[in-house]
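*Asks:* Here is a sequence with its predicted model. Questions after.
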Amino acid sequence: MPVLASHRKPRTKVRTTTPAVGFTTAALASVTLLSTQSATAAPSEPKPAIEDVQKKVDELYRQAGSATQQYNRAKAASTAQRTKVDTLLSDVAKRTEKINEARRELGSFAAAQYRTGGITPTATFFLADDPQAYFDQSRLMSRSTERQQKAVDDFRTQQAAASKQRAEAVKSLESLTETQTTLRSSKQKVQNKLTEARSLLAKLTAEEKARLAELERKKEAEAKEKAEKLARRQAAEAKEREAAEEKAREEAAKESGGDSGSGSDSGTGTGTSPGSGTDTGTGTGTDGSYAAKAEKVLAFARAQIGKPYVWGASGPASYDCSGLTQAAWREAGVTLPRTTWDQVKAGTRVATSDLQPGDLVFFYDDISHVGIYKGDGMMIHAPKPGANVREESIYYMPIYGSVRPA
C-alpha cells in the first residue's frame, strides 16, 4: 500500500517576521538600556563658577602659606638641634680624651705598685738600711697615694660626665630625627597644596582666565580704596594732633611770658628750657629712633621689589613672606624669629588705625602671612607662589593684627 505521505505536496516554509520582531525588540531594548544608563549614570559635575575657583585657589595658597611656616619652624629647629648635637659630640670626644689620660695615669700607678711587690710598711721599716730614709720614703709614698686617689677621682668624674653627655647627645639626635621628619612632612604638604592650585588654574579656558584676572583687579581696587580711606583718616588725625600740640605750645608760651616779671632768668633757665627739652627729646627720641629704623627697613624692602616669592626662602635672591620681614628688620639691627607665628609675638601690638611705617601686619586667623607697612594703608610683602615682592593694600587679605618690632 502506498505511503500517503509521499503524495502530499511538500509544505512550503513561510518566512515569518519573528526574527525581525526579535531584532527590533532587541534594538529597542538596547536603546532603552542605554537611555536608562544615561539617565541613571552620575551626571558630570558642572564646572565651578569662576568665583568659586578664585576662592578655592586663594584658600589653597593660604594653606600652603601655613604649611610653609611649619616648614620654616621645623627648619630653624633642625638647624639649632644640629648645632647642639655637634657641640655635644665634640664635648664627648674631648671628655673621652680626658678619660684616656686619667686611665693612662692610673696605669702608671698600677705598674709602679706592681714593681714594689706590695711589701707591708712594717717589713719595709725593718729591711730599710736607714730608718730616716724609710720615713722620707713613707712621706713620699703618702703624697704618691694622694695623687693616685686624685687620679682615680678625676677618672670617675670624667667618666660620669662623659656618660651624661652621651645620653644627652643620643636624646638630641632623636629629637633631631623627629624634627627632620616634620620638615619633610611640611615640605610635602606645601608641594601638594601648590600642585592642587596649579591644577585648578590649568583647567581654566582663556575666557575663564580673563574673568579670573578681572576678579583679581576688582579685589585689588576694593582693597586700595580701603587703604586710601585709612590714609585720609590717619592724615586727618595727624593734622588734629599737630593743631593740639601747636595750641599747647602757644599756651605754654603765654604762661611763660606771664611769669617773666617775677624772675625771668630763673624761670627761663630752670623751668622752661629743661622742661621743653625733655618733652621734645622723649617724644622725638622714641619716635625718631623707631622712624630711623623703619626707614632702613623700608629701604631694604623696596630694593627687593620684583624678586620672586619662593616658599622657605629668606633671600637674597627670593623670599617668602616672613623671610622678607626678617631680612628687612635685620638691616635695622633687629633680630626677628623666622616664622609669622613667632614674629607676631616679637614686639608691641598696635591697632590698624595706629600703624606706622615699618610695623608688621599679619593676616588670616592662622597668622600665615605678614607684610611691612609702608604708610597710607599700603605694605610691601612677598605675596604667594608665582608672584613677586610688591606693594599692595593691607586690606587685600583679612587682617589678624599688627606689631611694632622695636
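*Replies:* Ah, there it is. Residues are numbered from 1 along each chain as shown.
*Asks:* and Ser186, what element?
*Replies:* Secondary structure from DSSP states H and E places Ser186 in helix 131-202.
*Asks:* I meant Ser402, not that one.
*Replies:* strand 399-404.
*Asks:* Which strands and helices lie in contact with that strand?
*Replies:* With contacts taken as 3 or more C-beta pairs under 8 Å, 6 or more residues apart in numbering; DSSP states H and E, strand 399-404 sits against strand 348-350, strand 360-363. Where C-beta positions appear, they are placed from N, C-alpha and C, glycine not excepted.
*Asks:* Recalculate using a threshold of 10 Å.
*Replies:* The contact analysis (3 or more C-beta pairs under 10 Å, 6 or more residues apart in numbering; DSSP states H and E) places strand 399-404 against strand 348-350, strand 360-363, strand 369-375.
*Asks:* Using TSV, please lay out these together with mean pLDDT and distance to Val85.
*Replies:* TSV is the format used below for the helices and strands packed on strand 399-404 (pLDDT from 0 to 100; distance: least, C-beta to C-beta, whole Å):
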stretch	mean pLDDT	distance to Val85
strand 348-350	96	36
strand 360-363	98	33
strand 369-375	97	31
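*Asks:* Now tabulate those strands in JSON lines and tack on distance to Asn100 and mean neighbour count.
*Replies:* JSON lines is the format used below for those (distance: least, C-beta to C-beta, whole Å; neighbours: other C-beta atoms under 10 Å):
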{"stretch": "strand 348-350", "distance to Asn100": "54", "mean neighbour count": "13"}
{"stretch": "strand 360-363", "distance to Asn100": "53", "mean neighbour count": "24"}
{"stretch": "strand 369-375", "distance to Asn100": "52", "mean neighbour count": "25"}
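*Asks:* Need those in JSON lines (columns: distance to Val190).
*Replies:* Output for the helices and strands packed on strand 399-404, formatted as JSON lines (distance: least, C-beta to C-beta, whole Å):
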{"stretch": "strand 348-350", "distance to Val190": "29"}
{"stretch": "strand 360-363", "distance to Val190": "18"}
{"stretch": "strand 369-375", "distance to Val190": "14"}
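*Asks:* for these, which one sits closest to Lys239?
*Replies:* Closest to Lys239 of these is strand 369-375 (C-beta to C-beta; 15.3 Å).
*Asks:* so the closest one versus strand 399-404, what angle?
*Replies:* For strand 369-375 against strand 399-404, the angle by axes from the mean of the first three to the mean of the last three C-alpha atoms, to 10 degrees is 60 degrees.
*Asks:* which residues sit against the strand holding Ser402?
*Replies:* Here strand 399-404 makes contact (C-beta atoms under 10 Å, 6 or more residues apart in numbering) with 290, 294, 325, 336, 340, 343-356, 358-371, 373, 394.
*Asks:* any weak-confidence spans in the stretch 251-400 of the chain?
*Replies:* Judged by pLDDT under 70, the stretch 251-400 of the chain has its weakly predicted residues at 257-287.
*Asks:* quick one, helices of it?
*Replies:* Under the criterion DSSP state H, counting those that start in this stretch, the stretch 251-400 of the chain contains helices at 264-266, 273-303, 321-330, 340-343.
*Asks:* list the helices and strands the last one packs on?
*Replies:* When contacts are defined as 3+ C-beta pairs under 10 Å, 6+ apart, helix 340-343 sits against helix 50-116, helix 321-330, strand 360-363, strand 369-375.
*Asks:* can we see that at 7 Å?
*Replies:* Applying 3 or more C-beta pairs under 7 Å, 6 or more residues apart in numbering; DSSP states H and E, one finds that helix 340-343 makes contact with helix 321-330, strand 369-375.
*Asks:* same for the shortest one, what does it pack against?
*Replies:* Right, the one you point to is strand 369-375. Where contact means 3+ C-beta pairs under 7 Å, 6+ apart, strand 369-375 is packed against helix 273-303, helix 321-330, helix 340-343, strand 360-363, strand 378-381.
*Asks:* That strand versus helix 321-330: what angle between them?
*Replies:* Angle of strand 369-375 versus helix 321-330, following the same axes, to 10 degrees, is 40 degrees.
*Asks:* send the alpha carbons of strand 369-375 over as CSV?
*Replies:* The C-alpha trace of strand 369-375 is given here as CSV (Å, rounded to 0.1, in the frame of the first residue of the first chain):
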residue,chain,number,x,y,z
HIS,A,369,51.1,85.8,56.2
VAL,A,370,52.9,89.0,57.1
GLY,A,371,53.8,92.3,55.3
ILE,A,372,55.7,95.5,56.2
TYR,A,373,53.5,98.6,56.5
LYS,A,374,54.9,101.5,54.4
GLY,A,375,52.2,104.1,55.1
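*Asks:* that older thread, for the strand holding Ser402, which strands pair with it and how are they oriented?
*Replies:* The strands beside strand 399-404 in its sheet (DSSP bridges) come out as strand 348-350 (antiparallel), strand 360-363 (antiparallel).
*Asks:* So which residues make contact with the first one?
*Replies:* Strand 348-350 is contacted from outside by Asp359, Gly401, Ser402, Val403, Arg404, using C-beta atoms under 7 Å, 6 or more residues apart in numbering.
*Asks:* Select, out of the strands paired with strand 399-404, the one closest to Lys187.
*Replies:* strand 360-363 (22.5 Å).
*Asks:* re earlier: could you work out which of the strands paired with strand 399-404 reaches nearest to Glu208?
*Replies:* Comparing these under C-beta to C-beta, the one sitting nearest is strand 360-363, at 26.8 Å.
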